[in-house]
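1. When you get a sec, could you give me coordinates for this:
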Amino acid sequence: MSAVKMTEGSVRVDSCNASLFYRQSEPATGDPKMSVLLLHGIRFSSQNWLSIGTLETLAKVGCRAIAIDLPELGQSKSAKAPAPVGELGPAGFLKEVCEQLSLTPVVVISPSLSGMYSLPFLLQHQSLIRAYVPVAPICTEKFTAEQYQGVKVPTLIVYGDQDTQLGELSLHNLSNLPNHRVVVMKGAGHPCYLDDPNTWHKALTDFLSTL
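-> Numbering: from 1, shown residues only. Predicted structure coming up:
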């Protein structure tokens, strides 16, 4: 396996009037093949992606991966969230994050709470997104089938078969994205990647290899 370089940092985001903490992984040598932005749910942070090995896994397959702590969560608690929990955030929020970190075009991994940020970004700035990996995100019901049908970004919909709430709802709505495939993780709940990291990593790296 190739060596991996891990670093930490912060990025200033004007819409939060503060900096966001992030963890970064990248190949120790050579140029990365692509950039990946990892978001997280309301009870979680970038630490989860470090703990289960997703950051390391992505770097080993040649990606530059950045996991941020969303505003008011993790080590970004001093940053003001640009929208209340459960409401759609401004599409410019993740656009600014990606531009500040030189991540475009970016693969966006978006579980649960982070849907309030990733979905507006996807719908309004798809030219900046290389691929989208939603993992039972919230707010999918806030867009119409017609709006989803206008998005051409390659999408991997992931959820656990024990997630009968957000998993099934998000699958129903996101299936309107024309360029999508689905991975159902057997025996996993919400969030499925914590229940079965190995299956999650295989599904993710197999998908990235097609981009």
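2. does L122 count as helix, strand or coil?
-> helix (DSSP: H, G, I helix; E, B strand; the rest coil).
3. How about the secondary structure of the residue nearest to it when sequence neighbours are not counted?
-> Of all residues not flanking L122 in the chain, Y132 sits nearest, at 5.6 Å (Cβ to Cβ, 6 or more residues apart in numbering). Placement of C-beta: from N, CA and C, glycine included. Using three-state DSSP, the structure places Y132 in strand.
4. neighbours around Y132, how many?
-> By other Cβ atoms under 10 Å, the residues close to Y132 number 26.
5. quick thing: my sequence starts at 575, can you match it?
-> I'll keep to 575 as the first residue from here, and by that count the last item is Y706.
6. Would you agree I616 is in contact with L647?
-> Yes. Between I616 and L647 there is a contact under Cβ atoms under 8 Å: 7.1 Å.
7. Give me the more crowded residue out of these two.
-> L647 (23 against 15).
8. Once you drop chain neighbours, what's closest to that one?
-> Spatial nearest neighbour of L647, chain neighbours left out: S619 (6.0 Å); criterion: Cβ to Cβ, 6+ apart.
9. Next, give phi and psi for the one you found.
-> phi -160, psi -180 (degrees, to the nearest 10).
10. May I see the buried residues of stretch 652-661?
-> For stretch 652-661, a neighbour-count test (16 or more other Cβ atoms under 10 Å) marks A653, A655, P656 as buried.
11. just how off-centre is that stretch within its chain?
-> Centroid separation for stretch 652-661 versus its chain: 17 Å, with Cα atoms, centre = their mean, to the nearest Å.
12. Kindly report the same for stretch 763-783.
-> 12 Å.
13. and if you look at stretch 772-785?
-> Per Cα atoms, centre = their mean, the centroid offset for stretch 772-785 relative to its chain is 14 Å.
14. For that stretch, give the mean pLDDT please.
-> Stretch 772-785 comes out with an average pLDDT of 98.
15. For the most centrally placed residue in the chain, which residues are in contact?
-> Against the mean C-alpha coordinate of the chain, by Cα atoms, centre = their mean, the closest residue is I683 at 2.0 Å. Applying Cβ atoms under 8 Å, 6 or more residues apart in numbering, we find I683 in contact with V610, L611, L612, L613, V707, V709, L778.
16. related to what we said a few turns ago, could you measure the residue nearest to L696 against E600, distance?
-> Y706 sits 21 Å away from E600, going by Cβ to Cβ, to the nearest Å.
17. now do the same end-to-end measure for stretch 691-708.
-> 12 Å (Cα to Cα, to the nearest Å).
18. Identify each buried residue in that stretch, please.
-> Buried, per 16+ other Cβ under 10 Å, within stretch 691-708: 691-697, 699, 702-708.
19. so which of those residues comes closest to L730?
-> For the buried residues of stretch 691-708, the minimum distance to L730 (Cβ to Cβ) is 4.8 Å, reached by V707.
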